[in-house]
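1. Take a look and give me a structure for this.
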Amino acid sequence: MTALMVREREILEKYLPGLLDYLDETPLADLEGRSGDAIAKFREAGGTALIVPKNLGGLGATALDAVRAQRAIGSRSPSLGAATTMHHLSIASLNEFAQEASDDDRALIAALVEQRAVIASGFSEGNPGGSVFIPTMKATKRGDSYIINGSKKPCSLSGSMDLLTASVEVEGVGDKDGERAVALIPSNLDGVTVNRFWDTDILAGAQSDEVKLDDVEVPASFVLLNIDDDPDGIHEMTGYLWFGMLITANYLGAASMLLEKLLAADKGDFEGYTRAAADIENGMAAIESVAWEFDSGARGQDLSARLLFCRIAIRDALVRASSAAMESLGGIGFIKSPEIGYLAAAIQAYAFHPPSRRTISETLTKYHGGDEFAFV
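-> Residues are numbered from 1 along each chain as shown. Model (predicted):
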């Protein structure tokens, strides 16, 4: 037993007992494969309720505990960490809307928690330069329902989802035409299909294929208009705070697995290990500081901008850390352990999660110059 990630492992076991044993005992290749059952084990352990408040039937994990648990998950299965982050983004957004929702809406969310529903996210877009807040789906009002068309690709959890939450642009609602809304779409509705999209073996276990919606009819009560339920966008921004913290913790976990392998190899390259570990631990400390502020009540543009600056810095730090770790492990280590190359490749995927550095850099620069912060 090393001193690396002891706290994170203890927290994961505290909230989701038994999951860590499964992750420890299952080979990485099985956890990361398309046909693995890590997501099912996560559901069985109660992971779907991790960050749901206790008054809605959840486990009520703080942001600080959640990022530590997510690092532990990522250190065993980056695919599971990436996939479950999208569930947490969805449930966090619903939690925010629930704070001022009707009793019926709150009961709906509580029922999803009780059923341990796996919720995929149709928010973040995979298009180069795409925005996390510009919908690619349309919802047209028809009587007491909305007809939704569009697709989300890649969409993590597409093979396990019970529900898809998606950002949509509404039509047919008079002066609210063109407004954004959050739609709750049960996966068993007519017109919902999943098509193969993810072709690489890297992070295949996240089940990130295409979810396509063709004339899917959902009740009007399942479509939450931002102008009514989130006029200032604070709920949506809070959801993305959760996303940013948890997705970062996941990749810090993946990099931490390289540290574990370096310790186990006992190469005697203390300087190489320390360089890699310093970048990873510094990145984790930065995310923990954001989580602590979040738990203390901070929300909105200041914390969102700070988190994005941290993510950009950590992105470069992870590349340095994985490079240093691989160099220390050496060519024979790389040749004999496919996991080393796999982890290095998986860590690179952190750069692909929106918002991209290219799209957000102008916003962050202008924010420091005195402008209001807003996602693009």
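2. pLDDT below threshold where in the stretch 251-376 of the chain?
-> Segments of the stretch 251-376 of the chain classed as low confidence (criterion: pLDDT under 70) are 375-376.
3. Against S337, how distant is the residue positioned nearest the centre of the chain?
-> Among the residues of the chain, T85 comes closest to the average C-alpha position under Cα atoms, centre = their mean, at 2.5 Å. Here T85 is placed at a distance of 26 Å from S337 (Cβ to Cβ, to the nearest Å). For the C-beta atoms, the positions are set from N, CA and C on the backbone; glycine is no exception.
4. Name the next helix or strand downstream of the longest helix along the chain, please.
-> Longest helix of the chain, by residue count under DSSP state H: helix 301-336. Taking DSSP states H and E as the definition, the helix or strand that follows helix 301-336 towards the C-terminus is helix 338-348.
5. elements contacting the longest helix of the chain?
-> For helix 301-336, the contact count by 3 or more Cβ pairs under 8 Å, 6 or more residues apart in numbering; DSSP states H and E identifies helix 234-265, helix 270-295, helix 338-348, helix 357-368 as packing neighbours.
6. want to throw those into TSV with distance to E96 and mean neighbour count?
-> Listed next are those as TSV, based on distance: least, Cβ to Cβ, whole Å; neighbours: other Cβ atoms under 10 Å:
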stretch	distance to E96	mean neighbour count
helix 234-265	4	23
helix 270-295	12	18
helix 338-348	30	19
helix 357-368	22	14
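7. Of the ones you listed, give the one that comes closest to A92.
-> Shortest separation from A92 across those is recorded for helix 234-265, at 4.0 Å, computed as Cβ to Cβ.
8. Would you mind giving the orientation angle of that closest one with respect to helix 338-348?
-> Between helix 234-265 and helix 338-348, the angle formed by their directions is 150 degrees, by axes from the mean of the first three to the mean of the last three Cα atoms, to 10 degrees.
9. what about the nearest residue to S77 once chain neighbours are set aside, which helix or strand?
-> Nearest residue to S77, sequence neighbours excluded (Cβ to Cβ, 6 or more residues apart in numbering): L31, at 3.9 Å. With secondary structure defined by DSSP H and E, L31 is part of helix 28-32.
10. list the contacts for L263?
-> The neighbours of L263, taking Cβ atoms under 8 Å, 6 or more residues apart in numbering as the test, are T2, L4, Y273.
11. hmm, 10 Å instead?
-> For L263, the residues meeting the contact criterion (Cβ atoms under 10 Å, 6 or more residues apart in numbering) are T2, A3, L4, Y273, A277.
12. Count the residues that sit near S323.
-> Burial of S323 is recorded as 15 neighbouring residues (other Cβ atoms under 10 Å).
13. ah, wrong one, I meant A92
-> The local packing count at A92 equals 23, with neighbours defined by other Cβ under 10 Å.
14. Between helix 234-265 and the strand or helix carrying it, find me the angle.
-> Taking DSSP H and E as the definition, A92 sits inside helix 78-98. For helix 78-98 against helix 234-265, the angle between stretch directions is 160 degrees (the same axes, to 10 degrees).
15. Could I get the buried residue list for helix 78-98?
-> Judged by neighbour count (16 or more other Cβ atoms under 10 Å), helix 78-98 contains these buried residues: 78-98.
16. returning to what we had before: name the helices or strands packed onto the helix holding L31?
-> Taking 3 or more Cβ pairs under 10 Å, 6 or more residues apart in numbering; DSSP states H and E as contact, the helices and strands that helix 28-32 lies on are helix 38-44, helix 78-98, helix 338-348.
17. Just the buried residues of the shortest one, please?
-> Translated: helix 38-44. Of the residues in helix 38-44, A38, I39, K41, F42, R43 count as buried by neighbour count, 16+ other Cβ under 10 Å.
18. What of stretch 294-314?
-> F294, Q301, L303, S304, A305, R306, L307, L308, C310, R311, I314.
19. could these be laid out in CSV, adding distance to N188?
-> Conversion of these to CSV gives the following (distance: Cβ to Cβ, whole Å):
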residue, distance to N188
F294, 34
Q301, 38
L303, 37
S304, 35
A305, 40
R306, 40
L307, 35
L308, 36
C310, 39
R311, 35
I314, 38
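20. and of these, the nearest to Q207?
-> Among these, and counting by Cβ to Cβ, the member closest to Q207 is R311, at 23.6 Å.
21. tell me the contacts of K212?
-> Under the criterion of Cβ under 10 Å, 6+ apart, the contact partners of K212 comprise N149, G150, S151, K152, K153, C155, G191, V192, T193, V194, N195, F197.
22. ok, the residues you listed vs K267, which is closest?
-> Nearest to K267 among the contacts of K212, with distances taken as Cβ to Cβ, is F197, at 39.4 Å.
23. Contacts for the helix holding L31, please.
-> Helix 28-32 is touched from outside by 22-23, 26, 36-38, 41, 76-80, 201-206, 257, 338-339, 342-343, 346, with contacts defined as Cβ under 10 Å, 6+ apart.
24. Once you drop chain neighbours, what's closest to L225?
-> The shortest distance from L225 to any residue other than its chain neighbours is 4.7 Å, reached at A181 (Cβ to Cβ, 6+ apart).
25. Which strand or helix spans the one you found?
-> Once you assign secondary structure using DSSP H and E, A181 falls within strand 180-186.
26. what kind of secondary structure is the residue sitting furthest away from the middle of the chain in?
-> Computed with Cα atoms, centre = their mean, the maximum C-alpha offset from the centroid of the chain is found at G268, amounting to 35.8 Å. What DSSP: H, G, I helix; E, B strand; the rest coil gives for G268 is coil.
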